[in-house]
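Engineer: no FASTA, just this:
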């Protein structure tokens, strides 16, 4: 019976039905640390980033238009329950840019061409936001223009890039330590 209603091939014996939390962008804090996800396509990556945002005590995650649904079953599973412990705003890019500007946020864009995280995350502004971009295309130009700096995970090995979930988690660690 459970297999008929679950969306996985091998359900673990637990099924949860709940209301999706609705968080208004007006509730974006004036102080703190916010992760902004720009057109993240893979629900596993999105859930991983929400889980890491919770683990590193960020004040919330803004999921921009063009991203996978943060409340889709795979994303919620990948968050390991963290989706219910950290505020998640789903918002259009233009509204998010306005909200960050109004709050005087210091914005950092993640990119392989950026400066090492240890150099970028020094002094703390009252509100800081790190933007992670689409797995293939990166961060949109409008968000790059908003950025105060570009941050990267330095890599010494022969790897071209990291998965956005891995890179974002490393950046959150550097940002909050």
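Structural biologist: Great, that's in hand. Keep in mind that what you see is a predicted model, and the values were worked out from it rather than measured.
Engineer: name the helices or strands packed onto the helix or strand harbouring residue 142?
Structural biologist: Residue 142 is located in helix 141-146, with elements delineated by DSSP states H and E. Applying 3 or more Cβ pairs under 8 Å, 6 or more residues apart in numbering; DSSP states H and E, we find helix 141-146 packed against helix 93-102, strand 106-116. (C-beta placed from N, C-alpha, C; glycine too.)
Engineer: where does pLDDT dip in this protein?
Structural biologist: 1-18 (pLDDT under 70).
Engineer: so where do the helices sit in it?
Structural biologist: Taking DSSP state H, the helices of the chain run over residues 2-5, 43-55, 73-78, 93-102, 117-120, 141-146, 164-176.
Engineer: which residues touch the second one?
Structural biologist: It stands for helix 43-55. Contacts to helix 43-55, defined as Cβ atoms under 8 Å, 6 or more residues apart in numbering, come from residues 35, 37, 40, 60-61, 63, 67-70, 72, 74-80, 82-83, 85-86, 88, 132, 135, 163-165, 168-169, 172.
Engineer: just the buried ones from those?
Structural biologist: 35, 37, 40, 60-61, 63, 67-68, 70, 74-79, 82-83, 86, 88, 132, 164-165, 168-169, 172 (16 or more other Cβ atoms under 10 Å).
Engineer: surely residue 103 touches residue 127?
Structural biologist: Yes. At 5.1 Å, residue 103 counts as touching residue 127 under the criterion of Cβ atoms under 8 Å.
Engineer: ok now do residue 70, which residues does it touch?
Structural biologist: Taking Cβ under 8 Å, 6+ apart, one finds 46, 47, 50, 61, 63, 76, 83, 88, 90 in contact with residue 70.
Engineer: identify the residues contacting the closest residue in space to the third one that isn't next to it in sequence.
Structural biologist: Nearest residue to residue 50 in three dimensions, chain neighbours excluded: residue 79, at 4.3 Å (Cβ to Cβ, 6 or more residues apart in numbering). If a contact means Cβ under 8 Å, 6+ apart, then residue 79 has 47, 48, 50, 51, 54 as its contacts.
Engineer: cool, residue 63 as well?
Structural biologist: Residue 63 touches 37, 40, 46, 70, 88, 89, 90, 91, counting by Cβ under 8 Å, 6+ apart.
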